[in-house]
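Asker: Sequence plus predicted model, see below.
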Amino acid sequence: GESFANTPWWELFDDPELKALIQTALEENQDLAIAVSRIEEFRASLTITRANQFPTIDLSGSAGQTSPSRNNFPGNIPGLVQDDIEAYALSADVLFEVDLFGRLRRATEAARAELLAQEENRRAVTISLISNVANTYMTLRDLDAQYEISRRTEDARAESLNIIQARFDKGTVPLIDVNQAEIQLAIAQAAVAAAERAVTQTENLLSTLLGGNPGPITRGQALKEQVLPPAIPAGLPSELLMRRPDVLSTEAQLAAQTARIGVAQAARWPSLSLTGSLGIESQELSTLTDSDSGTWSIGAGILQPLFNSGRLSARVEVERQRTEQLVQTYEQTVQRAFREVEDALVAVRTYRAEYEARSFQVRAAQSAAVLSKARYDGGVTSYLEVLDTERSLFNAELSESSSLRLYLTSIIDLYRALGGGWTAEDTSP
């Protein structure tokens, strides 16, 4: 079945603006453009390496005229004049190395594996880019919510300060109540300024991910309006990790390095080269195409390294040790993949529970704030109780928004950890 690695899984959030931002990033992001260009570079390198397995045919031609010295040729005979010498030639040369021990084949195999590794690196950049854009967008919507909460709290506290100031002027409340109200208003004003700063900086970060200059970002659905993706199914198989581009890239690099051992080993054995030439030569241009002007040659050469102070055998050992290093790197990559998936699964489960608890806390804090203010207006309690409940409500609303953002981003992180997501077939018993 189709995997979210091959389909736009971010559309599950059903936010048109988020879809548009991701599409822009895929078209304009410089990191992705660099990754695509690197693929083309390694594709050309593969063509160069593979070409060494086939004969090389060169066509050459020459034409020249030589005027010998009259005093030095031929043998200083006075009065003898030597004519100018002309030479014309046209030939086709063939060079072919017989791949007796697979050196050229293994080099091509290594180049092909390197190309596959670069293609997986491009997938890694793509998945990371999409995840970063989605995460940053959710962070921006969280900061928008925190800014609105802070502004709403600032307005409410400014209104409370006016009421308390009026009561103080009439002598019904002490000065400390006015001072406490002023403190709470200042705290809300500082929160508004901090949220505004964070919103602008996050917009600039998202603009950079989109490949553009810093600027405002068009908003879509609010954080609480985001459509939550389907529940994470139980029993995700470990085979899903084999879709991760970092695992596949490391595997391809290991295959390339293994092929380089064969290249180094083959360099210790004889190499056979075949050469051939077919052409025409003449001292006059008019006779260049005559049958007597034809010339040809054929030859073979063999090279067997005999003594090189252990350089070639050491080269084989170098490639073997590099292969061993990549084996360890591959194991580390797989272990890191398992850890990231497990961390993401735990984060999804716990952040969901945390968000539900924070939502319950907000409802309780709202009720407590209303009751506390009524008690204060009725003279039953002091203003300290009102301050405490208002602080609790303010902090609870901010925490609720943050926990919702963390829950949404944990789902995005799980998609990234699984190399793009999962399908229904992946979860069958």
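Answerer: Perfect, I can see it now. Numbers count the residues shown, from 1 in each chain.

Asker: Can you list the low-confidence ranges for the stretch 151-300 of the chain?
Answerer: For the stretch 151-300 of the chain, the stretches with pLDDT under 70 are 229-237.

Asker: for the stretch 201-350 of the chain, what spans make up the helices?
Answerer: 245-266, 311-377 (DSSP state H, counting those that start in this stretch).

Asker: quick check: angle from the longest one to helix 245-266?
Answerer: Okay, so that is helix 311-377. Using axes from the mean of the first three to the mean of the last three Cα atoms, to 10 degrees, one finds that helix 311-377 and helix 245-266 are set 170 degrees apart in direction.

Asker: pLDDT of helix 311-377, averaged?
Answerer: Averaging pLDDT along helix 311-377 yields 92.

Asker: Return the list of helices and strands in contact with that helix.
Answerer: Using 3 or more Cβ pairs under 8 Å, 6 or more residues apart in numbering; DSSP states H and E, the elements in contact with helix 311-377 are helix 245-266, helix 383-417. Just so you know, the C-beta spots here come from the backbone N, C-alpha and C atoms, and that holds for glycine as well.

Asker: tilt between it and helix 383-417?
Answerer: Per the same axes, to 10 degrees, the angle that helix 311-377 makes with helix 383-417 is 150 degrees.

Asker: can you list the helices and strands packed on helix 311-377 in CSV and add mean neighbour count?
Answerer: Putting the helices and strands packed on helix 311-377 into CSV (neighbours: other Cβ atoms under 10 Å) gives the following:
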stretch, mean neighbour count
helix 245-266, 20
helix 383-417, 21
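
Asker: Report the separation between the closest residue to Pro214 other than its chain neighbours and Tyr351.
Answerer: Distance criterion Cβ to Cβ, 6 or more residues apart in numbering; nearest residue to Pro214, sequence neighbours excluded, is Asn204 at 3.8 Å. For Asn204, the distance to Tyr351 equals 27 Å [Cβ to Cβ, to the nearest Å].

Asker: okay, which residue is most central for this protein?
Answerer: Val125 (1.8 Å; Cα atoms, centre = their mean).

Asker: quick one, strands of the stretch 51-200 of the chain?
Answerer: Along the stretch 51-200 of the chain, counting by DSSP state E, counting those that start in this stretch, strands occupy 56-66, 85-98.

Asker: angle of the longest one against strand 56-66?
Answerer: Orientation check (the same axes, to 10 degrees): strand 85-98 against strand 56-66 gives 160 degrees.

Asker: contact partners of strand 85-98?
Answerer: Contacts to strand 85-98, defined as Cβ atoms under 8 Å, 6 or more residues apart in numbering, come from residues 52, 54-68, 104, 271-285, 288, 295.

Asker: now do stretch 257-268
Answerer: Contacts for stretch 257-268 (Cβ under 8 Å, 6+ apart): 101-103, 106-107, 109-110, 113, 305, 312-313, 315-316, 318-320, 322-323, 326.

Asker: change it to 7 Å
Answerer: 101-103, 106-107, 109-110, 113, 305, 312-313, 315-316, 319-320, 322-323, 326 (Cβ atoms under 7 Å, 6 or more residues apart in numbering).

Asker: Just the buried residues from those, in PyMOL please.
Answerer: This is the PyMOL syntax for the buried subset of the contacts of stretch 257-268, where burial follows 16 or more other Cβ atoms under 10 Å:
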select buried, resi 101+102+103+106+107+109+110+113+315+316+319+320+323+326
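
Asker: Next one, pLDDT for the closest residue in space to Thr202 that isn't next to it in sequence please.
Answerer: Among residues not flanking Thr202 along the chain, Leu140 sits closest, at 4.7 Å (Cβ to Cβ, 6+ apart). As predicted, Leu140 sits at a pLDDT of 95.

Asker: which ones are touching Leu140?
Answerer: Contacts of Leu140 by Cβ under 7 Å, 6+ apart are 199, 202-203, 206, 217.

Asker: what about the helices and strands packed on helix 311-377, which gets the closest to Leu210?
Answerer: The closest of the helices and strands packed on helix 311-377 to Leu210 is helix 383-417. By Cβ to Cβ, the value is 17.0 Å.

Asker: Please give the centre-to-centre distance between that closest one and its chain.
Answerer: Distance of helix 383-417 from the chain centroid (Cα atoms, centre = their mean, to the nearest Å) equals 31 Å.

Asker: repeat for stretch 172-179
Answerer: 58 Å.

Asker: Other residues contacting that stretch?
Answerer: Taking Cβ under 7 Å, 6+ apart as the rule, stretch 172-179 contacts 164-165, 167-168, 383.

Asker: If we use 8 Å, what do you get?
Answerer: With Cβ under 8 Å, 6+ apart, stretch 172-179 has contacts from 161, 164-165, 167-168, 383.

Asker: Save those residues as JSON lines, and put in distance to Ala256 too.
Answerer: Shown next, in JSON lines, are the contacts of stretch 172-179 (distance: Cβ to Cβ, whole Å):
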{"residue": "Leu161", "distance to Ala256": "70"}
{"residue": "Ile164", "distance to Ala256": "74"}
{"residue": "Gln165", "distance to Ala256": "76"}
{"residue": "Arg167", "distance to Ala256": "79"}
{"residue": "Phe168", "distance to Ala256": "79"}
{"residue": "Tyr383", "distance to Ala256": "73"}
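
Asker: Taking those residues, please make a PyMOL selection of just the buried ones.
Answerer: To isolate the buried ones among the contacts of stretch 172-179 in PyMOL, judged by 16+ other Cβ under 10 Å, type:
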select buried, resi 161+164+168+383
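
Asker: gap between the residue nearest to Thr202 and Ile302?
Answerer: Going from Leu140 to Ile302 by Cβ to Cβ gives 69 Å.
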